[in-house]
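Student: Provide a 3D model corresponding to the input given below.
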Amino acid sequence: MNLHTFHTTHVTFNSLEENKPTEVLAGDKKACILKRGDNIFAFAALCPHSGAPMCDGWVDPLGRVVCPLHKYRFDPANGRNTSGEGYKMVTYPVEVRNEEIFIGMLPASPKDEDIVKDNSLSFDDDIERW
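Tutor: This next block holds a predicted model:
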């Protein structure tokens, strides 16, 4: 069962420059896409360490995406930090349909306040019981 909802990026495979991270909008979320050979990778727009824009970075000779701020390196296929700092970059599944690139996003998690609104008890009720 696939939990991802795929969103168009309005970008085509042939319009992408090889080994150049490109920022796109998929649904209402920014992401980066990267074309390497016949592969397209999609990953978080911001570095998991510092929040720097990953699309301002570059691809090193080994195919790793390099953060422009602190030079941390990530494998765009799985998000693994390859320079040893221990961070993991979020990656997204990609589909190419008729040359157009689609990125799969998971549904947003409900916020705590939304859960409380849907519940018959409130936090105040819970406190009174103690």
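Student: pick out the residue closest to the middle of the chain.
Tutor: residue 44 (2.9 Å; C-alpha atoms, centre = their mean).
Student: can you pull the buried residues of stretch 59-66?
Tutor: Buried residues in stretch 59-66, counting neighbours by 16 or more other C-beta atoms under 10 Å, are found at 59, 63, 64, 65, 66. From N, CA and C alone the C-beta is placed, and that goes for glycine too.
Student: meant to ask about stretch 43-56, not that
Tutor: Here stretch 43-56 shows 43, 44, 45, 46, 47, 48, 49, 52, 53, 54, 55 as buried, counting by 16+ other C-beta under 10 Å.
Student: and the fourth one, how far from residue 18?
Tutor: When you say that, I think you mean residue 46. 23 Å (C-beta to C-beta, to the nearest Å).
Student: do the last one as well
Tutor: With the distance defined as C-beta to C-beta, residue 55 ends up 15 Å from residue 18.
Student: circling back: tell me the one of the buried residues of stretch 59-66 nearest residue 106?
Tutor: Nearest to residue 106 among the buried residues of stretch 59-66, counting by C-beta to C-beta, is residue 65 at 20.9 Å.
Student: element containing residue 41?
Tutor: Taking DSSP states H and E as the definition, residue 41 sits inside strand 39-44.
Student: tell me where the chain has helices.
Tutor: Per DSSP state H, the chain carries helices over the ranges 112-118, 123-129.
Student: returning to that earlier point: contacting residues for the residue nearest to the centre of the chain?
Tutor: 31, 32, 54, 79, 89, 90, 91 (C-beta atoms under 8 Å, 6 or more residues apart in numbering).
Student: for residue 18, give the beta-bridge partners.
Tutor: Note on residue 18: beta-bridge partners residue 35, judged by DSSP bridges.
Student: hmm, it is touching residue 36, no?
Tutor: Yes: using C-beta atoms under 8 Å, residue 18 is in contact with residue 36, at 7.0 Å.
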